[in-house]
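J.: Output the structure for:
(chains A, B and C)
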Amino acid sequence: MRYWLMKSEPDDVSIDDLAAKKTVAWYGVRNYQSRNFMRDQMQLGDKVLFYHSSCEVPGIAGLAEVSKLAYPDATQFDKKSKYYDGKATKENPRWFNVEVKFVKKTPVITLPELRSHKELEKMRVLAKGNRLSITPVDPAEWEFITHKLVK
DNA sequence: GCCAACGTTGGC
DNA sequence: GCCAACGTTGGC
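T.: Now for the predicted structure:
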């Protein structure tokens, strides 16, 4: 069992969208490190901090869970998609996505709040220059966030 | 809209 | 395989 933080732009898929749809495919990741986390490490039932990025109030907006293992991201084959990748083929797909299911919505835990807790100072998402859309979360960080910050 | 940080690309 | 140029991310 592992823990993850996954960034989504709420204009694209917000925690409310996930709550309404119950499950979403995490398509559109075009970074190898993030892809590898999904393809090689994520297991069914892994816990996910759902993070809103590039928006008015960036921060953790809810909890989710991996509900389907990684499979080829359909948008890489779709010429009309902004995620289209001409170098990817069905025989040799380049990009993968898992699916996650809704667990709960939380009041947004903002970046300043996350940074204010010593227990969370090592979180990858808070590291300077971090641009990964998917980062591993330590079990202790998960415990702190889900038990101390989310009632 | 700015810009620091950093990943990717491609010429050599 | 180096590395400059370029593109993207994402908070502010």
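J.: Could you count how many residues lie near the closest residue to DNA strand B within chain A?
T.: Relative to DNA strand B, the nearest point of chain A is residue A:129 (1.9 Å; CB to the nearest atom of the strand). Bear in mind the C-beta positions are built from the backbone N, C-alpha and C, glycine included. The number of residues packed near residue A:129 is 4, by other CB atoms under 10 Å.
J.: try the one 4 residues further on
T.: Neighbours of residue A:133 under the rule other CB under 10 Å: 22.
J.: what residues are up against the residue nearest to it when sequence neighbours are not counted?
T.: Leaving aside its sequence neighbours, residue A:133 sits nearest to residue A:7 (CB to CB, 6 or more residues apart in numbering; 4.5 Å). Applying CB atoms under 8 Å, 6 or more residues apart in numbering to residue A:7 gives the contacts A:51, A:52, A:53, A:125, A:133, A:134.
J.: Mind checking if the helix or strand containing residue A:7 is in reach of DNA strand C?
T.: In the assignment (DSSP states H and E), residue A:7 maps to strand A:3-8. Yes. Contact of strand A:3-8 with DNA strand C (CB under 7 Å from any atom of the strand) involves residue A:7.
J.: Strand partners (parallel or antiparallel) of that strand?
T.: strand A:47-52 (parallel), strand A:134-137 (antiparallel) (DSSP bridges).
J.: just the strands in chain A please.
T.: Counting by DSSP state E, the segments of chain A that form strands are A:3-8, A:23-25, A:47-52, A:59-72, A:96-110, A:134-137.
J.: Just the buried residues of the last one, please?
T.: Neighbour counts using 16 or more other CB atoms under 10 Å place A:134, A:135, A:137 of strand A:134-137 among the buried residues.
J.: Out of those, which comes closest to residue A:103?
T.: Nearest to residue A:103, judged by CB to CB, of those is residue A:137 at 14.4 Å.
J.: isn't that closest one right up against residue A:6?
T.: No. Residue A:137 is beyond contact range of residue A:6, at 9.9 Å (criterion: CB atoms under 8 Å).
J.: Quickly list what's touching both of those two.
T.: In contact with both residue A:137 and residue A:6: residue A:49, using CB under 8 Å, 6+ apart.
J.: and stretch A:42-58, does that touch DNA strand C?
T.: Yes. Stretch A:42-58 lies within reach of DNA strand C by CB under 7 Å from any atom of the strand, at A:53, A:54, A:55, A:58.
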